[in-house]
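Colleague: no FASTA, just this:
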């Protein structure tokens, strides 16, 4: 791990497409911390990652803001955690995060910056999204494996 990727997405469809490409390369066992302000495309990216990882119901991917965790079945077990409404790292840990991490799973954490200290010591991929215009987004991926960076 340690490679980085920088791209510019010009639309939500391009963000989904980048996520789909990323998701298709995942092997399982990855934890992906996704950060960015409101409306920066985090959920579109996750929708694409889920599709690329073979989620059967990827059209129904949405932010699990009120349920906190959504699970999508596919080629890999995908856990989509939304930390937006969590008030503490302890709440995050009570979700059973460790139970979601195993070789055939991918854990996607939206608003990961809210629970950053809980991810210390975990070799996770970090994705930052930022506004670069009305529909344009800058996407920075760091600490990714060679098989993903290709």
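Modeller: All right, it came through fine. Note that this is a predicted model, so its numbers are computed, not measured.
Colleague: buried stuff in stretch 117-124?
Modeller: Of the residues in stretch 117-124, 118-119, 124 count as buried by neighbour count, 16 or more other C-beta atoms under 10 Å. C-beta coordinates here come from the backbone N, C-alpha and C atoms, glycine included.
Colleague: top helix in this structure by residue count?
Modeller: Among the elements of the chain assigned as helix by DSSP state H, the one spanning the most residues is helix 12-25.
Colleague: mind listing what's buried along it?
Modeller: Residues of helix 12-25 classed as buried under the neighbour-count rule (16+ other C-beta under 10 Å) are 12, 14-20, 22-23, 25.
Colleague: which one of these sits closest to residue 88?
Modeller: Compare each of the buried residues of helix 12-25 with residue 88 using C-beta to C-beta and the shortest gap goes to residue 19, at 28.7 Å.
Colleague: redo the buried residues of stretch 117-124 as CSV? Include secondary structure.
Modeller: Formatted as CSV, those follow (DSSP: H, G, I helix; E, B strand; the rest coil):
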residue, secondary structure
118, helix
119, helix
124, coil
